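Build me a structure from this.
(2 chains)
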Amino acid sequence: AQKVTQAQTEISVVEKEDVTLDCVYETRDTTYYLFWYKQPPSGELVFLIRRNSFDEQNEISGRYSWNFQKSTSSFNFTITASQVVDSAVYFCALSEAIAVRETSGSRLTFGEGTQLTVNP
Amino acid sequence: KAGVTQTPRYLIKTRGQQVTLSCSPISGHRSVSWYQQTPGQGLQFLFEYFSETQRNKGNFPGRFSGRQFSNSRSEMNVSTLELGDSALYLCASSLDSGGGGIYEQYFGPGTRLTVT
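So this is what the prediction gives:
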């Protein structure tokens, strides 16, 4: 069975600090996809990134960067120079290859989420 | 392009009643998924529809059901409501063409269901 663990329940930082959100996953498959979503207080989940298991290149998008390491089954997310608007719950999610084989590719397993609070 | 819309946004029901929630996907998206979010269980997958067919189902009792219409709009129904069904119900759509592969899902604002 697949599992996603976000060990950090809550993180509190001061504006302009860098912060890293950890994500560790478990899967038996060799082909899978990983995602990060942001959930602001309004409740809507906002898509941030998708990464497949064959692409271990790190990715940077503005102040956001992601570090994918298959050797440790981790997909960590770093926010550089955090801002108050970054305050939200962040979810890491996994979709396994069984969905790919069956061409039914929309079943996500989410981690517990990390509540990030950025204080001014 | 308009995002995923869900109606109603808030709902209060009594134990034993039934409820129907509606979701309109992003234009052109044929896959619609439903998730339940609670403080205790987190985000859990309910089911997914593609071209009016249920393709995937999570581990929820038969009281939870859904359907998809020819225009990709989807509804989910919960019968015989229990207090534990109080949750935020999120709908998501994706640009899945049915040819395989995993696509990112775009979520709606959710329907907050309270069962008393």
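
low pLDDT regions in chain B?
B:97-101 (pLDDT under 70).

Can you get me a residue count around the closest residue to A:R63 other than its chain neighbours?
Using Cβ to Cβ, 6 or more residues apart in numbering or on different chains and skipping residues adjacent in sequence, the residue nearest A:R63 is A:T80, 4.7 Å away. To be clear about C-beta, it is placed using only N, CA and C from the backbone, and glycine gets the same treatment. Other residues within reach of A:T80, judged by other Cβ atoms under 10 Å in any protein chain shown, total 14.

could you pull out the strands for chain A?
A:3-5, A:10-14, A:19-21, A:24-26, A:32-39, A:46-52, A:59-61, A:64-69, A:74-79, A:88-96, A:109-110, A:114-119 (DSSP state E).

Report the angle between the fifth one and strand A:74-79.
Here strand A:32-39 runs at an angle of 30 degrees relative to strand A:74-79 (axes from the mean of the first three to the mean of the last three Cα atoms, to 10 degrees).

ok now strand A:32-39, how far from the chain's centre?
5 Å (Cα atoms, centre = their mean, to the nearest Å).

Who are the packing partners of it?
Where contact means 3 or more Cβ pairs under 8 Å, 6 or more residues apart in numbering or on different chains; DSSP states H and E, strand A:32-39 is packed against strand A:46-52, strand A:74-79, strand A:88-96.

Any part of the shortest one near chain B?
If I follow you right, that is strand A:74-79. No. Strand A:74-79 is not in contact with chain B by Cβ under 8 Å from any Cβ of the partner chain; minimum separation 14.4 Å.

Okay, angle between that strand and strand A:46-52 too, please.
140 degrees.

is residue 5 in a bridge, and if so with what?
All of this refers to chain A. A:V24 (DSSP bridges).

Sorry, I should have been clearer: chain B.
Here B:T5, judged by DSSP bridges, has bridge partners B:S24.

Looking at the helices and strands packed on strand A:32-39, which is nearest to B:G62?
Among the helices and strands packed on strand A:32-39, strand A:88-96 comes nearest to B:G62, with 24.5 Å by Cβ to Cβ.

weakest of the strands of chain A by average pLDDT?
Here the strands of chain A differ in mean pLDDT, and the lowest is strand A:59-61 at a mean of 86.

What are the phi and psi values at the residue nearest the centre of chain B?
The central residue of chain B, meaning the one whose C-alpha is nearest the mean C-alpha position (Cα atoms, centre = their mean), is B:W34 at 2.9 Å. Torsion angles at B:W34 (phi, psi; degrees, to the nearest 10) stand at phi -120, psi 140.

isn't it right next to B:N77, touching?
No. Between B:W34 and B:N77 there is no contact under Cβ atoms under 8 Å: 10.6 Å.

ok, now which ones touch residue 57?
The chain I'm using is chain A. Contact analysis of A:Q57 by Cβ atoms under 8 Å, 6 or more residues apart in numbering or on different chains lists A:F68.

Actually, chain B is the one I wanted.
Residues near B:K57 by Cβ under 8 Å, 6+ apart: B:46-48.
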